[in-house]
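S.K.: Any chance you can model this:
(one chain, ligands or ions: 1)
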Amino acid sequence: MSEPAQLIVVGGGIVGLATAYTFTQRHPGRRVVVIEKESAVAAHQTGRNSGVIHSGIYYKPGSLKAVNCRRGKALLEDFCEAHAVPFERCGKVIVATHERELPRMEAIAARGRDNGVACEVIDRDRLLELEPHAAGIAAIRVPDAGVIDYTVVSERLAELIRDAGGEIVTGRRVTDIDEGSDAVEAITAGGESWRAPLLVGCAGLYSDRLARRTLRRVPVRIVPFRGEYYDLTPAAEHLVRHLIYPVPDPRFPFLGVHFTRRITGRVDCGPSAVPALAREGYRRRDVSLRDMLDTLTWRGIFGMAARYWRMGMGEMWRSLRRPAFVSALRRLVPAVEASHLQPAPSGVRAQAVRPDGRLLDDFLISESPRVVHVLNAPSPAATASLAIGERIVDHLAQHLQTQD
Ligand SMILES: Cc1cc2nc3c(=O)[nH]c(=O)nc-3n(C[C@H](O)[C@H](O)[C@H](O)COP(=O)(O)OP(=O)(O)OC[C@H]3O[C@@H](n4cnc5c(N)ncnc54)[C@H](O)[C@@H]3O)c2cc1C
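M.R.: Okay, here's the model as predicted:
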């Protein structure tokens, strides 16, 4: 019979796995169990994202995103070097295509410098040396940004957790958590249960529902936003060398459709940000009555609609009409044609929304002595995952010490 577990992690995405891995590194000999509802790790946001290693340029200095992105990027690159996971530090450009975007572009560059990110504002000539097909009157060059396959990272983390005596239990959905005075029990849909002194919830699109099992008041609701992608056809891939991003709209936490040359060499365009009708609604026709009622009967939805309806309509228009999507892309690379695009798999973002309808920009983690819930871990949480794991394990360590 195996040793009893010291930590249960619910969710086998990159945040859960990075947390479990960090725990095994800090506390050798203490067993971790990761419980994942799908048959493999990284099945949702982690395996369906853009695969970018973010530099940390965009985020408000001092925020959890800013601090953990910088630290997480360094930890991730060290991890990849130590464990032979391929990544490429290819650099990116954030392109201003109109004069009105220049002040915002300068503000992002200043933010980047405050966050310790190497970046420089470049003129059009220099931009064309880097990305010969990009539009733009000026740009920020971020040489540190990179690309990676987060599924490969997750699989490697899972392997190392197992090597350290941990277990990755797949195909089990945790439906209840019972927090007692000396242990926490995770109960699955099939009636199995696991007990440990500590539990961390990293359930991504279901993080608020899982948190409701132990928290009387969960301060946010997860609203799913589908990100639709297209791939460039092989004939058009030469139009993009690395990563070409627009200057983002500061009122919205998403970065705007962009071009990403992936670690595989494929170039994709997207993602859009369309409200999804199911938490795991990867196709337009995917509808979950429960998820829709959950969103529509919640008071924050009215505030959200009032604040973001204009941007939401624009995103839906681009989602429904390919020419509108193409024209958003052509602002960055004018030579792109509709015939260059082929549909690619989409992802769904777990975006936490506050009761007043504002989309929560920063990461949100609720910590009690025995149970930690990661409530908002949108982009750049894949980049930041090992730093988020470190932070959670630091918190848990205080509790472990009181047990010893
Ligand atoms: C379209 C898109 C593009 C993005 N691009 C980038 C990028 O380029 N760079 C970057 O750094 N970040 C990016 N992100 C963000 C990044 O992917 C996420 O922040 C990160 O993957 C979150 O990891 P996670 O482990 O919290 O969630 P997930 O990967 O969603 O994992 C949560 C896991 O929990 C499991 N689960 C849920 N409920 C239960 C339950 N009750 N019982 C058991 N298991 C459960 C799910 O099956 C899932 O596997 C992007 C996200 C999206 C959607």
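S.K.: what's the closest non-adjacent residue to Gly91?
M.R.: Pro143 (4.3 Å; CB to CB, 6 or more residues apart in numbering). (Each C-beta comes from the backbone N, C-alpha and C, glycine too.)
S.K.: tell me the contacts of that neighbour?
M.R.: 89, 91, 118-119 (CB atoms under 8 Å, 6 or more residues apart in numbering).
S.K.: near the ligand, from these?
M.R.: Filtering the contacts of Pro143 for proximity to the ligand by CB under 6 Å from any ligand atom leaves nothing.
S.K.: residues from the stretch 101-250 of the chain in reach of the ligand?
M.R.: 173-174, 202-206, 210, 227.
S.K.: how about the residues you listed, which pair is most distant?
M.R.: Within those, Val174 and Gly227 form the most distant pair, 25.9 Å apart (CB to CB).
S.K.: now for the lowest-mean-pLDDT helix or strand in the chain, which elements pack on it?
M.R.: Within the chain, no helix or strand scores below helix 300-320, which has a mean of 80 by mean pLDDT, DSSP states H and E. If contacts are counted by 3 or more CB pairs under 8 Å, 6 or more residues apart in numbering; DSSP states H and E, helix 300-320 sits against strand 221-232, strand 274-275, helix 322-330.
S.K.: Can you name the residue of this protein nearest the ligand?
M.R.: Here the chain gets closest to the ligand at one residue, Gly13, 2.0 Å apart by CB to the nearest ligand atom.
S.K.: residue contacts, that residue?
M.R.: Gly13 touches 41-42, 44-46, 154, 202, 204, counting by CB under 8 Å, 6+ apart.
S.K.: Neighbour-wise, which one of the residues you listed leads?
M.R.: Counting neighbours by other CB atoms under 10 Å, Cys202 leads the contacts of Gly13 with 30 neighbours.
S.K.: For this structure, give me the ranges with low pLDDT.
M.R.: Low-confidence segments of the chain, defined by pLDDT under 70: 1-3, 401-404.
S.K.: Between helix 300-320 and the helix or strand hosting Arg349, find me the angle.
M.R.: Taking DSSP states H and E as the definition, one finds Arg349 inside strand 341-353. Relative orientation of strand 341-353 and helix 300-320, computed by axes from the mean of the first three to the mean of the last three CA atoms, to 10 degrees: 170 degrees.
S.K.: hmm, back to that, output the least confident helix or strand of the chain as CSV, nothing but the C-alphas.
M.R.: What follows is helix 300-320 as a C-alpha-only set of coordinates in CSV (Å, rounded to 0.1, in the frame of the first residue of the first chain):
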residue,chain,number,x,y,z
GLY,A,300,-22.6,40.5,-12.3
ILE,A,301,-23.7,39.7,-15.9
PHE,A,302,-25.7,42.9,-16.2
GLY,A,303,-22.6,45.0,-15.2
MET,A,304,-20.5,43.0,-17.5
ALA,A,305,-22.9,43.5,-20.4
ALA,A,306,-23.1,47.2,-19.7
ARG,A,307,-19.3,47.6,-19.6
TYR,A,308,-18.2,45.4,-22.4
TRP,A,309,-21.1,45.1,-24.9
ARG,A,310,-19.4,47.2,-27.6
MET,A,311,-16.2,45.1,-27.5
GLY,A,312,-18.2,41.9,-27.2
MET,A,313,-20.2,42.8,-30.3
GLY,A,314,-17.0,43.5,-32.2
GLU,A,315,-15.5,40.1,-31.2
MET,A,316,-18.7,38.2,-32.1
TRP,A,317,-18.8,40.0,-35.5
ARG,A,318,-15.2,38.9,-36.2
SER,A,319,-16.1,35.4,-35.0
LEU,A,320,-19.1,35.1,-37.3
